[in-house]
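S.K.: predicted coordinates and the sequence they were generated for:
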Amino acid sequence: MSDSHNIPDERAHQGVDTHGQDGGAGVPTDIPARLDRLPWSRFHVLLVFALGAGWAIDGLEVTLKGAVSGVLQDPASLHLDSAHIGALASFYLIGAVAGALICGWLTDRHGRARLFFVTMGIYLAGTLATASSWNFASIALFRAVTGFGIGGEYAAINSAIDEWIPARMRGRVSLLVNGSFWLGAVLGSGATLVLLDPEYFPVDRGWRLGFGLGALLGTAVLFARAFIPESPRWLVIHGRDAEAKACIDGIEARIARDTGRTLEPVTQTLAIVPRQSVGFRVVFATLMGEYRQRAFLGFVLIAAQAFLYNAIFFTYALVLTRFYAVPASRTGIYLLPFAVANFLGPLVLGHLFDSIGRRVMIGASYAISALLLIATGFLFAAGAFGPIGQTAAWSVIFFFASAAASSGYLTISEVFPIEMRALAIALFYALGTGAGGVVAPWLFGVLIGSGERHNVLYGYLIGAALMLLAAGFAWRYGVRAERASLESVARPLSLRPSTPAK
């Protein structure tokens, strides 16, 4: 597929307004070049912490949900069955799909920084409410609210990370931020060893305390995000050039003080025609026009990893309790190495996405995950594993699958124009998760509930087939975005047609 800046500008022929709302001359800006030439600094560390911490809190909360699946079936607790447990994950994902679409549109319209607080606030409210659930209907509703918040986080965080991080490091940092989910999962799996132990807390109290703790920790994330300014790229596109310049001037001055270095001036400029918003008609015309191959690639990548993760992670504890007779209160100890492997994958492999390149690494990580899953599935069906062996096998698989999943989100966050970046992330998250993820927990809950290992194997084979399909699409249609500016990877809709990027 051709790079977007080499594709003729066909938006005018599609009835799309390429002159923005003032219909006139472009505003010259060097903001993208200034952002890409910044050295790594304490500001970037703060940015990664403030945004990555949100994923870590989500990882804590989702891990608690996976670990407490067995406890929730206890008659002394909510007394749910396997189908209910799978359905709870589906309700969470339905909420996430809705949240991604609504908040993605709002993020492109009102800014990344503003939506950070809205999405995290909704997410924390849902998590806290989950702790007070009294039956299946109530916990299903609260899980949907929690999912709504986290769906919005996907759009706001991933669009902001790409727009702030220098091009030479964008791949590894994006993978690290998305992989920080698993730091929270490590904390969550460790916490369940205490919270779900009846020697410390009654059966119906420990899991509630866990969700309450997650909400408390999440409140601290809101304070950290107060120090993250609005994306200068977004400000320029929306005609707030003076604010963007003041923002980048302040950051450069801070970095110069911290490092003692004088930053070299930049000469690359773009001519931007400011516009306040991009309508759904423009978005769909763009996606189905010059970006249709990228759109299909993004859908396949997200759908495949969504099926795999939501099928296995949300029913992890059910497999341990049903087939390996692991007590519900002890499933957390088996989740711990699984979570560690998921974090180490993006951490160890992330730099290769910037050096070897996106196409090779995305395709390889998806394919390796699929092949390992096929082998593990047949060994599981043959009864070759004990609980430790099964956990070790899953950990190896998801060392690669975690990098694959994070690279899927990296792809959809960097290969579309900035004016529609958050909405594109939301759209493909919603479509991919809806197609690949919503049904997966329910399906695996039913397969596990049958008590037949071969039925579960069929589910694993479906997941592997989807991952192999995604690998093929990545090798065929992947975009070479490594070390390239966002504006060269995807030409801004607001770029004055007669004045290409210099």
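M.R.: Nice, I can see it. Predicted, not measured: the structure shown is a model, and the values here were computed from it. Numbers count the residues shown, from 1 in each chain.
S.K.: low pLDDT regions in the protein?
M.R.: Residue ranges of the chain with pLDDT under 70: 1-25, 66-67, 276, 314, 329, 437-438, 496-502.
S.K.: strands of that one, start to end?
M.R.: All strands of the chain, identified by DSSP state E, fall at 27-29, 270-272.
S.K.: listing partners with orientation, what would you give for the first one?
M.R.: Read that as strand 27-29. Partner strands for strand 27-29, per DSSP bridges, with pairing direction: strand 270-272 (antiparallel).
S.K.: ok now the partner strand, how far from the chain's centre?
M.R.: Here the centre of strand 270-272 is set off from its chain's centre by 30 Å, with C-alpha atoms, centre = their mean, to the nearest Å.
S.K.: again, but for stretch 45-62
M.R.: 11 Å.
S.K.: put the alpha carbons of that stretch into PDB.
M.R.: Taking C-alpha atoms only, stretch 45-62 is exported to PDB below (Å, rounded to 0.1, in the frame of the first residue of the first chain):
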ATOM      1  CA  VAL A  45       8.300  10.100  31.900                       C
ATOM      2  CA  LEU A  46       5.500  12.000  33.600                       C
ATOM      3  CA  LEU A  47       3.400  11.600  30.500                       C
ATOM      4  CA  VAL A  48       3.900   7.900  30.300                       C
ATOM      5  CA  PHE A  49       3.200   7.500  34.100                       C
ATOM      6  CA  ALA A  50       0.000   9.600  34.000                       C
ATOM      7  CA  LEU A  51      -1.400   7.800  31.000                       C
ATOM      8  CA  GLY A  52       0.000   4.300  31.700                       C
ATOM      9  CA  ALA A  53      -1.200   4.400  35.300                       C
ATOM     10  CA  GLY A  54      -4.800   4.400  34.000                       C
ATOM     11  CA  TRP A  55      -4.100   1.100  32.200                       C
ATOM     12  CA  ALA A  56      -2.500  -0.300  35.300                       C
ATOM     13  CA  ILE A  57      -5.600   0.500  37.400                       C
ATOM     14  CA  ASP A  58      -7.700  -1.100  34.700                       C
ATOM     15  CA  GLY A  59      -5.400  -4.200  34.800                       C
ATOM     16  CA  LEU A  60      -5.900  -4.400  38.600                       C
ATOM     17  CA  GLU A  61      -9.600  -4.200  38.300                       C
ATOM     18  CA  VAL A  62     -10.000  -6.600  35.400                       C
END
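S.K.: buried sites along that stretch?
M.R.: 47-62 (16 or more other C-beta atoms under 10 Å). For the C-beta atoms, the positions are set from N, CA and C on the backbone; glycine is no exception.
S.K.: rewinding a little: could you dump the strands of the chain to CSV with mean neighbour count and distance to Ile161?
M.R.: Converted to CSV, the strands of the chain look like this (neighbours: other C-beta atoms under 10 Å; distance: least, C-beta to C-beta, whole Å):
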stretch, mean neighbour count, distance to Ile161
strand 27-29, 17, 21
strand 270-272, 23, 21
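S.K.: what's the closest of those to Val489?
M.R.: Nearest to Val489 among the strands of the chain is strand 270-272 (13.6 Å), distances taken as C-beta to C-beta.
S.K.: returning to that earlier point: just the ones of the buried residues of stretch 45-62 in helices?
M.R.: 47-62 (DSSP state H).
S.K.: give me the number of residues near the closest residue to Leu373 other than its chain neighbours?
M.R.: Excluding the flanking residues, the one nearest Leu373 by C-beta to C-beta, 6 or more residues apart in numbering is Ala464, at 4.4 Å. Look at Ala464: counted by other C-beta atoms under 10 Å, it has 23 neighbours.
S.K.: now the one 10 residues further on
M.R.: By other C-beta under 10 Å, the residues close to Ala474 number 28.
S.K.: same check, this time on Gln293
M.R.: So Gln293, with other C-beta under 10 Å, has 15 neighbours.
S.K.: quick one: it and Val479 touch, right?
M.R.: No - counting by C-beta atoms under 8 Å, Gln293 sits too far from Val479 to count as a contact (9.1 Å).
S.K.: next one: stretch 124-132 to chain centre, how far?
M.R.: 21 Å.
S.K.: what of stretch 372-382?
M.R.: Here stretch 372-382 is found 27 Å from its chain centre; the criterion is C-alpha atoms, centre = their mean.
S.K.: quick one: buried residues of it?
M.R.: Quick answer for stretch 372-382 (16+ other C-beta under 10 Å): Leu372, Leu373, Ile374, Thr376, Gly377, Phe380, Ala381.
S.K.: and the contacts of it?
M.R.: 308, 385, 390, 393-394, 396-397, 400, 453-454, 456-457, 460-461, 463-464, 467 (C-beta atoms under 8 Å, 6 or more residues apart in numbering).
S.K.: please pick the buried ones from these.
M.R.: 308, 385, 390, 393-394, 396-397, 400, 453, 456-457, 460-461, 463-464, 467.
S.K.: correct me, but Ile161 touches Val177?
M.R.: Yes - Ile161 is within contact range of Val177, at 5.5 Å (criterion: C-beta under 8 Å).
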